[in-house]
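Chemist: take a look and give me a structure for this.
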Amino acid sequence: MALGYLALVLHAHLPFVRHPESDYVLEEEWLYEAITETYIPLVRVFEGLKREGVDFKMTMSLTPSLVSMLRDPLLQQRYEEHLSKLQELAEKEVKRHQHNGHLLYLANYYVQEFAQIRETWESYQGDLVLAFKQFLDSNNLEIITCGATHGYFPLMRMYPQAVWAQIQVACEHYEENFGRPPKGIWLPECAYYEGIERMLADAGLRYFLMDGHGILSARPRPRYGTYAPIFTETGVAAFGRDHESSQQVWSAKVGYPGDSEYREFYKDLGWEAEYEYIKPYIMPDGQRKNIGIKYHKITGREVGLSDKAPYDPYWAREKAAEHAGNFMYNREQQVRNLAEIMQRPPLIVSPYDAELFGHWWYEGPWFIDYLFRKVWYDQNTFDMIHLADYLRDHPTQQVCRPSQSSWGYKGFHEYWLNDNTAWIYPHLHKAAERMIELSCLEPESELELKALNQAARELLLAQSSDWAFIMQTGTMVPYAVRRTKSHLLRFNKLYEDVKAHSIDSDWLQKVAEIDNIFPNINYRVYRPFQLDEAFKINQSRIKNQNREETQN
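Modeler: As a prediction, the model looks like this:
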């Protein structure tokens, strides 16, 4: 018998960025980079583990906005073009460095890497949601949902219908894409406020993830801290992030990604190659950008970018194996110590942004691969487990009220509500009021129904926490401001047109083609009585579920 459990959780999310109205928008490349460096490498890791009989267990959120982009034909086509240019450039690099031994070795490495990326991409006909779903079906991957557009729930709580719409639309979208309802939800930014668990229960969700201090400050104080979930009074479980295991990966000072052998993120061919040579592969207006071909390693924190040493994937892979072994060893010691104190098997929940693994930390997927293999073959102290499976096997937990929290700066809401972002919330709140008003209307025509549904989409897109996050980080701020304003302006025009029974059908068609997320959305999700109806349905569902479990 294992002494405890480790739940590895990855949060895969990107904001909905899709611009059919333009031939090129830099921000679309957030998705292309993540596909190349994170999503396909993870799929390849999972395929290898399955092929070699390693029965891995991992929980992963795929947010509705990300799923929508991964399944969008336009973005799939544009990604293929993006990958083709990468492959073309890598082949040119082989010729350019034919007389430079180490750079030739690296150029050939990228040629092979991009060829394998394309092979995986084409094997799923560009549908990576299908790729991940196969591991959901094999019970290796537990896929959970998130807010529809990653809205920041605590800053929406004065309009419960708006929070409900984020949750319900996400659950419906999940079922459309995965053929079953979700069991759990990653609260956007792990941001929790007291009372949201009622809506999660009404949506049929069994658990959510939050930051560790939201559990530690719960009332009453949880006996086992973050090393066991707590049940809220609605029966929905809350899992808290483990600080110790998170620090080993996230910390800028002691985290694994900062090791000198790993690839340097900030030294990219797009900024270093001779301008005329690299010009066909940078932005159409001639501005340089990251390409994704990098020839240098971190070398050391004290070393400037101009003095970085050459990267070697062989030694980086060896270091990833070493770090995976160290992570496993530390979890073994942690589990042994906790099991002795708790007198019950502890659960260590280690959640991370998925894009850390591969995009920011290039060797991250190798680390995950080695970790699963080492856990499977080299230890018997703990088991990897899905969060839903843990609840099934441990149905009795302490009942507490979690504390309002997030995993952002200082642990609350300051990173999303500050001097740089405060201007957006009065507009979002007014739009929520107007959407609730629109939800009570009955459309007089198909055109009016289309306008009402599009208004719901525009509000959801405006509410994305990503825009406030970007405004605070200071990177790509004009884009985040433009996106926030454009969705609000579109929403307000739709509101006014519906109220005046004067809808511009040509304009609406153009907007619907651009912001085409959630094609099956029903604007009535914002109706106030939807919450009461959901509660009644959920109570019936719980009774039926309890009856079935008793019979079994």
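Chemist: where's the strand or helix carrying residue 489 relative to the chain centroid, distance-wise?
Modeler: Assessed by DSSP states H and E, residue 489 sits inside helix 477-499. On the basis of Cα atoms, centre = their mean, to the nearest Å, helix 477-499 sits 25 Å off its chain's mean C-alpha point.
Chemist: which one's the longest helix in the chain?
Modeler: Longest helix in the chain by number of residues (criterion: DSSP state H): helix 313-342.
Chemist: what strands line up against whichever helix or strand comes after that one, and which way round?
Modeler: Using DSSP H and E, the helix or strand that follows helix 313-342 in sequence is strand 347-353. Sheet partners assigned to strand 347-353 using DSSP bridges are listed as strand 4-12 (parallel).
Chemist: the strand it pairs with - what's its average pLDDT?
Modeler: Per-region confidence: strand 4-12 scores 98 on mean pLDDT.
Chemist: angle of that strand against helix 313-342?
Modeler: 130 degrees (axes from the mean of the first three to the mean of the last three Cα atoms, to 10 degrees).
Chemist: next SSE after strand 4-12?
Modeler: helix 29-34.
Chemist: show me what that next one is packed up against.
Modeler: Contacts defined by 3 or more Cβ pairs under 8 Å, 6 or more residues apart in numbering; DSSP states H and E place helix 29-34 against helix 73-96. All C-beta spots, glycine's among them, are computed from the backbone N, C-alpha and C.
Chemist: mind listing what's buried in the longest helix of the chain?
Modeler: Residues 313, 316-317, 319-321, 323-324, 327-328, 331-332, 334-335, 338-339 are the ones in helix 313-342 that count as buried (16 or more other Cβ atoms under 10 Å).
Chemist: please state the offset of it from the chain centre?
Modeler: Here helix 313-342 shows a centroid-to-chain-centroid distance of 24 Å under the convention Cα atoms, centre = their mean.
Chemist: any low-confidence regions in the stretch 151-300 of the chain?
Modeler: Residues of the stretch 151-300 of the chain meeting the criterion pLDDT under 70: 252.
Chemist: go again with 80.
Modeler: Counting by pLDDT under 80, the stretch 151-300 of the chain has low-confidence residues at 251-253.
Chemist: where along the stretch 301-450 of the chain do the helices fall?
Modeler: Under the criterion DSSP state H, counting those that start in this stretch, helices of the stretch 301-450 of the chain are mapped to 313-342, 364-378, 387-393, 424-439, 446-462.
Chemist: these: which one's closest to residue 188?
Modeler: Among the helices of the stretch 301-450 of the chain, helix 446-462 comes nearest to residue 188, with 12.0 Å by Cβ to Cβ.
Chemist: ok and the longest helix of the chain relative to helix 364-378, angle-wise?
Modeler: 50 degrees.
Chemist: helices or strands next to helix 313-342 in the packing?
Modeler: With contacts defined as 3+ Cβ pairs under 8 Å, 6+ apart, the packing partners of helix 313-342 are strand 4-12, helix 243-250, strand 347-353, helix 364-378, strand 382-384.
Chemist: mean confidence for the last one?
Modeler: Here strand 382-384 scores 98 as its mean pLDDT.
Chemist: any idea how far that strand is from the chain center?
Modeler: Strand 382-384 sits 24 Å away from the centroid of its parent chain (Cα atoms, centre = their mean).
Chemist: which other residues reach that strand?
Modeler: 2-8, 56-58, 331-332, 335, 348, 372, 375 (Cβ atoms under 8 Å, 6 or more residues apart in numbering).
Chemist: same question, the second one
Modeler: Applying Cβ under 8 Å, 6+ apart, the set of residues contacting helix 243-250 from outside is 6, 212, 226, 254-257, 327, 330-331, 334, 348, 350-352, 356.
Chemist: of the residues you listed, grab the buried ones for PyMOL.
Modeler: Applying 16+ other Cβ under 10 Å to these, the buried members can be selected in PyMOL as follows:
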select buried, resi 6+212+226+255+256+257+327+331+334+348+350+351+352+356
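Chemist: which two among the contacts of helix 243-250 are spaced furthest apart?
Modeler: 226 and 257 (23.0 Å).
Chemist: rewinding a little: quick one: closest of the helices of the stretch 301-450 of the chain to residue 300.
Modeler: helix 313-342 (13.9 Å).
Chemist: got the angle for the closest one vs helix 243-250?
Modeler: Using the same axes, to 10 degrees, helix 313-342 lies at 170 degrees relative to helix 243-250.
Chemist: pull out the buried positions in stretch 183-200.
Modeler: Those would be 183-194, 196-200, for stretch 183-200 by 16+ other Cβ under 10 Å.
Chemist: how about stretch 260-269?
Modeler: 261-264, 267-269.
Chemist: ok, stretch 18-37 next?
Modeler: In terms of neighbour count (16+ other Cβ under 10 Å), stretch 18-37 has its buried residues at 18, 27-37.
Chemist: ok so, going back, quick one, which of the helices of the stretch 301-450 of the chain gets closest to residue 126.
Modeler: Shortest separation from residue 126 across the helices of the stretch 301-450 of the chain is recorded for helix 364-378, at 19.8 Å, computed as Cβ to Cβ.
Chemist: other residues contacting the closest one?
Modeler: 6, 8, 38, 41-42, 44-45, 48-49, 54-56, 58, 256-257, 316-317, 320-321, 323-325, 327-328, 356-358, 361, 382, 384.
Chemist: for the record, mean pLDDT for it?
Modeler: Averaging pLDDT along helix 364-378 yields 98.
Chemist: how far does it sit from the chain's center?
Modeler: 21 Å.
Chemist: what do you get for stretch 463-483?
Modeler: With Cα atoms, centre = their mean, you get 17 Å for stretch 463-483.
Chemist: hey, C-alpha coordinates of that stretch in CSV?
Modeler: Taking C-alpha atoms only, stretch 463-483 is exported to CSV below (Å, rounded to 0.1, in the frame of the first residue of the first chain):
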residue,chain,number,x,y,z
GLN,A,463,-14.8,39.5,-19.1
SER,A,464,-11.6,37.5,-19.8
SER,A,465,-9.1,37.9,-16.9
ASP,A,466,-6.3,37.8,-19.4
TRP,A,467,-6.9,41.4,-20.5
ALA,A,468,-6.5,42.8,-17.0
PHE,A,469,-3.5,40.5,-16.4
ILE,A,470,-1.7,41.7,-19.5
MET,A,471,-2.4,45.4,-18.7
GLN,A,472,-0.8,44.8,-15.3
THR,A,473,2.3,43.0,-16.6
GLY,A,474,3.0,45.8,-19.1
THR,A,475,3.4,43.5,-22.1
MET,A,476,1.1,43.8,-25.2
VAL,A,477,-1.0,46.3,-23.3
PRO,A,478,-2.4,48.1,-26.4
TYR,A,479,-3.8,44.8,-27.6
ALA,A,480,-5.4,44.0,-24.3
VAL,A,481,-7.0,47.4,-24.1
ARG,A,482,-8.2,47.2,-27.7
ARG,A,483,-9.8,43.8,-27.1
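Chemist: pull out the buried residues from that stretch.
Modeler: 463-472, 476, 479-481, 483.
Chemist: my read: residue 503 touches residue 448, true?
Modeler: Yes - contact status for residue 503 versus residue 448: in contact at 6.4 Å, counting by Cβ atoms under 8 Å.
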